[in-house]
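>>> Need coordinates for the following:
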Amino acid sequence: MDVTIRPYDPNRDRDALWELKAGFERGLGAGTGDDAKEATYEDKLTAAYRADWLAWVERCVGDDERCVTVASAPDEAGEDALLGYVFVLPERLAFVWDAAVLNEVFVVPDARGTGVADDLVDAAVSLARDQSLPLDRLVLDVDRENERAKAFYDRHGFAHWGEMVAKEL
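The predicted structure is shown next:
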């Protein structure tokens, strides 16, 4: 597979990135909880959420184009198809954690186990190292039910560092 790792281009990648984001959300809902959690994640995938999320992505890549990095490869028709993405918050938003923040990483099921996710995380680490933040670390939130993700991050040297708690509003 001839994979290219490159910055997200809103002019050519917008629709494909949204499809990946929807896959990310559906995976969280279906793979890490019960029917209620699955419905919660599915229900948020509205047209309004799509517009808001894509606008936010564009603001973030306006700070640094590497904030959203995609993996692409030619499909059967020879067209450039997105296989996955990684989203690292821009430096100005990462100060909430005092560290670089890996917001999301997702790879389509057919490309899992091929090294695409490794390449995307490498891109995230590279960007994180370039950010000037109080703590030299890259943080992310991993659902405790997502064994595959936890094993992946363990393999990449991530270690437990606190625990996030939440209150429903």
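>>> ok, then the element right after the lowest-mean-pLDDT helix or strand in the chain?
Using mean pLDDT, DSSP states H and E, the weakest-scoring helix or strand in the chain turns out to be helix 35-43, at a mean of 82. On the C-terminal side of helix 35-43, the nearest following helix or strand under DSSP states H and E is helix 47-63.
>>> tell me the angle of that next one relative to helix 35-43?
Orientation note: helix 47-63 sits at an angle of 70 degrees relative to helix 35-43 (axes from the mean of the first three to the mean of the last three Cα atoms, to 10 degrees).
>>> Near N146, how many other residues are there?
16 (other Cβ atoms under 10 Å). Placement of C-beta: from N, CA and C, glycine included.
>>> pretty sure it contacts V105?
No. Checked against Cβ atoms under 8 Å, the pair N146 and V105 is beyond contact range at 11.7 Å.
>>> Could I get the full set of helices for this structure?
Listed in chain order, the helices of the chain (DSSP state H) span 10-31, 35-43, 47-63, 91-94, 116-130, 147-155.
>>> which outside residues touch the third one?
So the one you mean is helix 47-63. Outside of helix 47-63, the residues within contact range by Cβ atoms under 8 Å, 6 or more residues apart in numbering are 7-8, 10, 14, 17-18, 21, 67-68, 87, 89-93.
>>> and of the helices of the chain, who's closest to A166?
Shortest separation from A166 across the helices of the chain is recorded for helix 35-43, at 12.5 Å, computed as Cβ to Cβ.
>>> tell me how far the closest one is from the chain's mean position?
In terms of Cα atoms, centre = their mean, to the nearest Å, the gap separating the centre of helix 35-43 from the centre of its chain is 19 Å.
>>> what is the orientation angle of that helix with helix 10-31?
Using the same axes, to 10 degrees, helix 35-43 lies at 170 degrees relative to helix 10-31.
>>> what comes up buried for helix 35-43?
For helix 35-43, the neighbour count (16 or more other Cβ atoms under 10 Å) marks K37, E38, Y41 as buried.
>>> how about this structure, which residue sits the furthest from its center?
The outermost residue of the chain, judged by C-alpha distance from the chain's mean C-alpha position using Cα atoms, centre = their mean, is A77 at 26.5 Å.
>>> Done for today, thanks.
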